[in-house]
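Enquirer: need coordinates for the below:
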Amino acid sequence: MMLMLSAVAGGILLGRFFTLPVPDYFVTVLLMALVFFVGLEIGSEEGIFKKIKKELALILIQSALVISGTLIFGWFSCYLIRSSGFSGKETMGAAAGMGWYSLSGVMISEMHSPLLGTVSFAANLIRETLAILFIPILSRFSPLASVSIGGAASMDVLLGLISKHNRLSVTLIAFGQGVICSLMVPVILSIVFG
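Expert: Take a look at the predicted model:
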């Protein structure tokens with residue numbers, strides 16, 4: 001975990017003092033490579049399709065709990081930040097990105113307002129950052145909690161970290177949860193702000 005935090009801090013410092021032209025697609029390529037190698041690891045497991053079938057019910061339950069928990073807490077958070085002036089519908093919508101900050105920020109900016117889009121971007125970025133910090137710790141006590149904190153990002157950005165700290169069956173659940181949450185983000189945002 002300290003190595004990851006050091007890498008992020010080092011990147012921030014280098015970015016602050018040096019201008020390195022990084023193509024827009026570079027991060028996407030690295031992310032796809034990471035997901036590919038985790039996929040290779042999962043695919044090399046004997047009887048992988050039987051294991052996915054065995055975990056399917058748990059994947060669906062886990063995803064439903066993550067989505068409903070995110071929306072409930074998002075709605076409830078309007079009472080925690082009363083001075084902001086956001087309604088429960090707005091805070092629930094901002095949280096509905098479920099960690100997919102790039103999509104939710106843009107969608108909410110277009111469907112509602114740039115201010116709430118910025119709030120959603122920040123909230124979902126913070127969720128992913130907290131997941132990076134807490135996945136190694138939560139994995140020791142509750143593997144499924146370590147998966148749930150990642151939301152939609154558990155299938156891509158956080159998948160390597162989850163697989164490092166959990167067994168294969170938990171990694172499969174993380175991937176399934178990420179896929180379902182990612183598919184639901186645009187649907188939920190369209191319902192909330194449509």
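
Enquirer: contacts, neighbours, all on C-alpha from now
Expert: Fine.

Enquirer: could I get the full set of strands for the protein?
Expert: In the chain, no strands are defined using DSSP state E.

Enquirer: tell me where the longest helix sits in it.
Expert: Longest helix in the chain, counting residues (DSSP state H): helix 48-80.

Enquirer: that one packs against which elements?
Expert: With contacts defined as 3 or more C-alpha pairs under 8 Å, 6 or more residues apart in numbering; DSSP states H and E, helix 48-80 has these neighbours: helix 88-95, helix 143-148, helix 168-193.

Enquirer: how far away is the spatially most central residue of the chain from Ser109?
Expert: Centre of the chain computed as the mean C-alpha position; nearest residue by C-alpha atoms, centre = their mean is Ala153, 2.7 Å away. Distance of Ala153 to Ser109, computed by C-alpha to C-alpha, to the nearest Å: 20 Å.

Enquirer: thought His165 was touching Ser139?
Expert: Yes. At 6.1 Å, His165 and Ser139 qualify as touching, with contact defined as C-alpha atoms under 8 Å.

Enquirer: confidence-wise, which helix or strand of the protein is lowest on average?
Expert: Using mean pLDDT, DSSP states H and E, the weakest-scoring helix or strand in the chain turns out to be helix 24-43, at a mean of 66.

Enquirer: before we move on, back to that, now the longest helix of the chain: buried residues?
Expert: Of all the residues in helix 48-80, those buried under the rule 16 or more other C-alpha atoms under 10 Å are 52, 55, 58-59, 62-63, 66-67, 70-72, 74-78.

Enquirer: and of those residues, the nearest to Ala94?
Expert: Nearest to Ala94 among these is Gly74, at 7.3 Å by C-alpha to C-alpha.

Enquirer: roughly how far does the closest one sit from Ala7?
Expert: For Gly74, the distance to Ala7 - C-alpha to C-alpha - is 31 Å.

Enquirer: can you check Ser142 too?
Expert: According to C-alpha to C-alpha, Ser142 stands 26 Å off from Ala7.

Enquirer: please tell me I have it right and Ser109 contacts Val119.
Expert: No. Ser109 is beyond contact range of Val119, at 9.7 Å (criterion: C-alpha under 8 Å).
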